[in-house]
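**Q** the sequence isn't on hand, but the structure is:
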């Protein structure tokens, strides 16, 4: 007899409780069906949130976003050609080096690997 009730619950009592719960759920769903589908939707809507629209996946990252490149300080001469003066691994270092600049032709920009320095030329 001890093996029939390991938690002190009679298996017949458990079956009866489950059967009664099933009957009550069926009765409840029958009442909801008679009142309309909107009632059921509003009832379950309290527990289940609608799926929110997710933002679209971003396109593939560019070289600049992945950090594959260098920060350069360059000067554009009167002919519009750019000449790289200094190269830095991070933006912070480049901006610190460029902090006291008074020359309007001297600029800082990210230059991805594989891109020629001629892209810095003035149009």
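**A** The structure has been received and is ready for your questions. As the structure is a prediction and not an experimental result, all values here were calculated from the model. Residues are numbered from 1 along each chain as shown.

**Q** the bottom helix or strand of the chain by mean pLDDT?
**A** helix 63-66 (a mean of 56; mean pLDDT, DSSP states H and E).

**Q** buried ones in the helix or strand that that one is followed by?
**A** As assigned by DSSP states H and E, the chain's next helix or strand after helix 63-66 is strand 69-76. Buried residues in strand 69-76, defined by neighbour count with 16 or more other C-beta atoms under 10 Å: 69, 70, 71, 72, 73, 74, 76. Bear in mind the C-beta positions are built from the backbone N, C-alpha and C, glycine included.

**Q** hey, what's the fifth one bridged with?
**A** Yep, that's residue 73 we're talking about. Beta bridges link residue 73 to residue 86, residue 108 when assigned by DSSP bridges.

**Q** does it touch residue 106 like I think?
**A** Yes: counting by C-beta atoms under 8 Å, residue 73 does reach residue 106; the two are 6.5 Å apart.

**Q** what do the two both touch?
**A** By the contact definition C-beta atoms under 8 Å, 6 or more residues apart in numbering, residue 73 and residue 106 are jointly contacted by 85, 98.

**Q** I figured residue 74 hits residue 118, correct?
**A** No: Residue 74 lies out of contact with residue 118 (C-beta under 8 Å); the separation is 11.0 Å.

**Q** any common contacting residues for the two?
**A** Common contact partners of residue 74 and residue 118 (C-beta under 8 Å, 6+ apart): residue 82.

**Q** that older thread, closest one of the buried residues of strand 69-76 to residue 52?
**A** Nearest to residue 52 among the buried residues of strand 69-76: residue 69, at 35.9 Å, using C-beta to C-beta.

**Q** residues near residue 89, how many?
**A** Using other C-beta atoms under 10 Å, residue 89 has 11 neighbouring residues.

**Q** does anything pack onto the strand or helix carrying residue 13? Which helices or strands?
**A** Using DSSP H and E, residue 13 maps to helix 11-35. The contact analysis (3 or more C-beta pairs under 8 Å, 6 or more residues apart in numbering; DSSP states H and E) places helix 11-35 against helix 37-45.
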